[in-house]
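>>> Sequence and predicted structure, then a few things I'm wondering about:
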Amino acid sequence: MDWHDDGIVLSARRHGETSAIVHVLTRDHGVHAGLVKGGFAKRHRSTIEPGNRVHTTWRARLAEHLGNFALECTHAHGAALMDNANRLAAMSAALAVAEAALPEREPHPATLEALEALLDALEHIDIAPDATAWGQLYVRWELGLLSELGFRLDLSHCASTGVTEDLLWVSPKSGRAVSASAGEPYAAQLLALPGFLRLGGGGQVSLRDIIQGLKLSGYFIERHLFAPHDRAMPQARARLVERLAKQGV
């Protein structure tokens, strides 16, 4: 049996001397693994770079087999980001989170489209060299991933009073926004809600806001997507947070 699909290379791991086991987030077949024979050979190495958009052909005798991939690179995001370490780190983090969080062989086309949009923005959008602009897009991508997998945060109004103004925090228990007045007695136990995620948004965004957003989305990703399976946040994602935290000192 075989199928054809489009997707993004999430990872490539060596198998034997030159072959690779490649995971691709595809539109109609979800996160799917396959063997690329000679993938790490010099001639083909660039095709399996994480972040590449690829046209994929998968073949196997039975559906449950690993199968073989034939990949055709249609765009290399990683190569385009090589000169910007922060954006390259953001791409690596998003790919790692997608691979770790999404169930294998379960289609999530909305997540693929959102990842494509994030990678396009990292590469093309005319924004400042720091993380204040693309960082917002990254945080929103992670929140979208949570929503796609059934864990949407409700940031539209206060969980306690119902008001939509002065939302400063998020409850780590319910994933709902909390207003300044309702949350003040419990501020130490609540997660900060950065301004760019509040209803209406607007205003200048700082690197501190981005780090708060990453802490917020990261908390719920760990709680809902990784902890139930006794898994940790991918190291690439942890490195992104550490990198930005150092720049924000």
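Now that the structure is in, tell me what you want to look at.
>>> Quickly note the distance from the closest residue to Trp3 other than its chain neighbours to Ala33.
Excluding the flanking residues, the one nearest Trp3 by CB to CB, 6 or more residues apart in numbering is Trp58, at 5.5 Å. The way it works is simple: take the backbone N, C-alpha and C, and place the C-beta from them, glycine included. Distance, Trp58 to Ala33, by CB to CB, to the nearest Å: 9 Å.
>>> overlap in contacts of those two?
Common contacts of Trp58 and Ala33, defined by CB atoms under 8 Å, 6 or more residues apart in numbering, comprise Gly67.
>>> Can you pick out the residue with more neighbours from the two?
Remark: of Trp58 and Ala33, Trp58 carries more neighbours, 24 against 18, as counted by other CB atoms under 10 Å.
>>> what pLDDT does that one get?
Model confidence at Trp58, given as pLDDT, is 94.
>>> who's it bridged to?
Trp3, Phe69 (DSSP bridges).
>>> That one against Leu35, yeah?
No. Under the criterion of CB atoms under 8 Å, Trp58 is not in contact with Leu35, lying 9.9 Å apart.
>>> Now list whatever residues contact both of the two.
By the contact definition CB under 8 Å, 6+ apart, Trp58 and Leu35 are jointly contacted by 67-69.
>>> Out of those, grab the one that's most surrounded.
Using other CB under 10 Å as the neighbour criterion, Phe69 leads these with 25 neighbours.
>>> just checking, Ala232 touches Ile221?
No. Between Ala232 and Ile221 there is no contact under CB under 8 Å: 11.0 Å.
>>> got the shared contacts of Trp58 and Leu35 as JSON lines, with pLDDT columns?
What follows is the shared contacts of Trp58 and Leu35, written out as JSON lines (pLDDT from 0 to 100):
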{"residue": "Gly67", "pLDDT": "92"}
{"residue": "Asn68", "pLDDT": "92"}
{"residue": "Phe69", "pLDDT": "91"}
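>>> how long is stretch 124-143 end to end?
22 Å (CA to CA, to the nearest Å).
>>> which residues make contact with it from outside it?
By CB under 8 Å, 6+ apart, the residues outside stretch 124-143 that reach it are 84, 86-87, 90, 93-94, 97, 114-115, 117-118, 121-122, 153, 194, 196-197, 205-207, 209-210, 213-214, 216-218, 221, 244, 247.
>>> Same question for stretch 173-193.
151-161, 163, 165-172, 198, 212, 215-216, 219-220.
>>> center of the chain - which residue?
Central residue check for the chain by CA atoms, centre = their mean: the C-alpha nearest the mean position is that of Ala94, 3.0 Å away.
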